[in-house]
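> predicted structure and sequence below. I'll ask about it afterward.
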Amino acid sequence: MRSIQQSFSVKFSYPVHFTAQVFAAENALLHEVVAHNGGTRKILFVIDDGVSGNHPQLLQQIKEYAKKHSFELCGEPLVLPGGENCKNDPALVERIVEAVNHYGIDRHSYIIGIGGGALLDLVGYVAAIAHRGIRHIRIPTTVLSQNDSGVGVKNGVNAFGKKNFLGTFAPPVAVINDHTFLTTLDNRDWRSGISEAIKVALIKDAAFFHYIKANAAQLAARDMAVMQELIYRCAQLHLEHIAGSDPFEMGSSRPLDFGHWASHKLEGLTNYDIRHGEAVAVGICLDSIYSNLAGMLSQNELDAIIALIKNLGFTIYFPELSQHLDNPQSADSVLSGLQDFREHLGGKLTVMLLEKIGKGVEVHDMDFARIKKAIGKLQVLQGQVAEQSTTR
């Protein structure tokens, strides 16, 4: 028997920029990003229709910017529906692939996605699989995509009723966070992304958690300066993690997915009527209560977590959490989310729980009876919120 052992490494490097009015004529940032990566060939823009609707001048601004900076636009930008359901529609993948083929987009061209996290996941997936990889620039337009999903290396679409069943690890050329896009978000989308900041603070940075807690009223009141600081710190923590020992998740652990085994399942159970960040808020509460019941997280710290999430206006319980709890194998039971999580990662089940605020701990087994008890506590706490609202 003969063998040849191959070994090599590839260095990935990309910047996350923070700016305003990215397509203003005097803002040269996008031009500099393209120039730094070898100059322009062709550029295909794919835009979330919610963004284009809220910013009706955007398409014309892109055209004027392209003319000023000598970008070769490939016809009209593709405007596609955003939101999680765009990741459930294979026809949208085909539309972008067809545009790549029709316009002769090659591996030295650029696909620039502008939108929320779901649209960026979709666009990044196509950019990664077409020609085995086309240069991709992300311009996230929501809190959640600017502080979490849009700054990382993951792309994907949903299949077989499972979130991100198809996907790639493919870093972008650059990420450009333009806080101007946040001004037109509705209150749900503004609030939704805060949950991902709470998540990463809980498992990595107690001081950041206390910053969010101290500024909860300002965040709820849409204070832009406070939100910009939250986005910057949250993105920084995510990037530090990605630069660690397992950026492409080759192991069986996803530390940054605290609260996500339940939230991913809850999204599907509600037919994606709730935002990803809203589901994450529920998942954080559920796993925090579980951590407390398991003898790890103190009651005082649990109370602080629940109070923060409630004060920000999140709903912390949905009836879908309680259905089919007697049948963990049912696809309509939130408990089956644990098996989905195990399959998605491979190997043994690994779930992040809390030892204390700022310190996560991995476990490899979840007790169904304890989960059911945690869900019951969530329902009671949500009822208390509704009761308080009624008596005011």
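All right, it came through fine. Numbering: from 1, shown residues only.

> how close does the most centrally placed residue in the chain get to N155?
By C-alpha atoms, centre = their mean, the chain has its centre lying nearest to S149, at 3.1 Å. Distance of S149 to N155, computed by C-beta to C-beta, to the nearest Å: 10 Å. In this view, the C-beta of every residue, glycine as well, is placed from N, C-alpha and C.

> same thing with G244?
20 Å.

> quick one, which of those two is more surrounded?
N155 (27 against 8; other C-beta atoms under 10 Å).

> hang on, that one is in a strand, isn't it?
Yes: counting by DSSP: H, G, I helix; E, B strand; the rest coil, N155 is found in a strand.

> let me see the contact set for the residue nearest to it when sequence neighbours are not counted.
Spatial nearest neighbour of N155, excluding adjacent residues (C-beta to C-beta, 6 or more residues apart in numbering): G124 at 3.3 Å. G124 makes contacts with G113, H136, R138, K154, N155, T168, A170, P172, as judged by C-beta atoms under 8 Å, 6 or more residues apart in numbering.

> make sure D365 is actually in contact with K348.
No: taking contacts as C-beta atoms under 8 Å, D365 lies outside contact range of K348: 9.0 Å.

> quick one: contacts of the helix or strand where K67 lies?
Counting by DSSP states H and E, the element that carries K67 is helix 58-68. Surrounding helix 58-68, the residues in contact under the criterion C-beta under 8 Å, 6+ apart are 23-25, 30, 43, 45, 47, 51-52, 71-73, 76-77, 79, 114.

> kindly report the same for stretch 293-307.
So stretch 293-307 is contacted by 198, 202, 213, 284-285, 288-289, 291-292, 316, 353-357, 361, 367, 370, 373-374, 381 (C-beta under 8 Å, 6+ apart).

> could you tell me the end-to-end distance of that stretch?
18 Å (C-alpha to C-alpha, to the nearest Å).

> not counting its neighbours along the chain, what's nearest L325?
That would be K372: by C-beta to C-beta, 6+ apart, it lies 5.3 Å from L325.

> quick check: which element contains the one you found?
Using DSSP H and E, K372 maps to helix 368-391.

> repeat for V175
strand 174-178.

> tell me the helix or strand right after that strand.
helix 187-192.

> contacting residues around that next one?
116, 142-144, 182, 219-220, 222, 227, 275-278, 312-314.

> kindly report the same for stretch 343-356.
So stretch 343-356 is in contact with 162, 164-165, 202-203, 206, 249, 251-255, 257-258, 261, 287-288, 290-291, 294, 296-298, 301, 338, 341-342, 360-366, going by C-beta under 8 Å, 6+ apart.

> next one: phi and psi at F45?
In terms of degrees, to the nearest 10, the main-chain angles of F45 are phi -90, psi 140.

> now do the contacts for it.
With contacts defined as C-beta under 8 Å, 6+ apart, F45 is in contact with I62, L73, P77, L78, I111, I112, G113, I114.

> so what are the domain limits for this protein?
The record's domain parsing of the chain by automatic domain parsing lists 16-184, 187-391.

> in terms of mean pLDDT, which of those ranks lowest?
Among these, domain 187-391 carries the lowest mean pLDDT, a mean of 91.

> quick one: distance of it to the chain centre.
Put simply, domain 187-391 sits 13 Å off its chain's centre (C-alpha atoms, centre = their mean, to the nearest Å).

> partners of the strand holding V175, with directions?
Strand 174-178 has the following strand partners under DSSP bridges: strand 16-19 (parallel), strand 135-140 (parallel).

> number of nearby residues for D48?
30.

> swap that for M366, please
When neighbours are defined as other C-beta under 10 Å, M366 has 17 of them.

> check contacts around F71.
Counting by C-beta under 8 Å, 6+ apart, F71 has contacts H31, V34, T40, I43, Y65.

> that one is in what secondary structure piece?
Going by DSSP H and E, F71 is not in any helix or strand.

> and it, its phi and psi?
Torsion angles, degrees, to the nearest 10, at F71: phi -80, psi 140.

> return the distance of it relative to S109.
11 Å.

> what's the overlap in contacts for these two?
Shared contacts of F71 and S109, counting by C-beta under 8 Å, 6+ apart, come down to I43.

> cross-check the contact I'm expecting between the residue nearest to the centre of the chain and L120.
Yes: with contact defined as C-beta under 8 Å, S149 reaches L120; the gap is 6.8 Å.

> shared neighbours, the two?
P140.

> about what we covered before: nearest to L269 among the contacts of F45?
Using C-beta to C-beta, G113 is the member of the contacts of F45 that lies nearest L269, at 27.8 Å.

> so which strand or helix has that closest one?
For G113, the host element (DSSP H and E) is strand 110-115.

> now do that strand against strand 174-178, angle only.
30 degrees (axes from the mean of the first three to the mean of the last three C-alpha atoms, to 10 degrees).

> now the helix or strand following strand 110-115 - C-alpha only, PDB.
Next helix or strand after strand 110-115 toward the C-terminus (DSSP H and E): helix 117-129. The C-alpha trace of helix 117-129 is given here as PDB (Å, rounded to 0.1, in the frame of the first residue of the first chain):
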ATOM      1  CA  GLY A 117     -29.500  38.200   7.500                       C
ATOM      2  CA  ALA A 118     -31.700  35.800   5.600                       C
ATOM      3  CA  LEU A 119     -31.200  37.500   2.300                       C
ATOM      4  CA  LEU A 120     -27.400  37.600   2.900                       C
ATOM      5  CA  ASP A 121     -27.400  33.900   3.800                       C
ATOM      6  CA  LEU A 122     -29.100  33.200   0.500                       C
ATOM      7  CA  VAL A 123     -26.900  35.400  -1.600                       C
ATOM      8  CA  GLY A 124     -23.700  34.200   0.100                       C
ATOM      9  CA  TYR A 125     -24.700  30.600  -0.500                       C
ATOM     10  CA  VAL A 126     -25.100  31.200  -4.300                       C
ATOM     11  CA  ALA A 127     -21.800  33.200  -4.300                       C
ATOM     12  CA  ALA A 128     -20.100  30.200  -2.700                       C
ATOM     13  CA  ILE A 129     -21.400  27.500  -5.000                       C
END
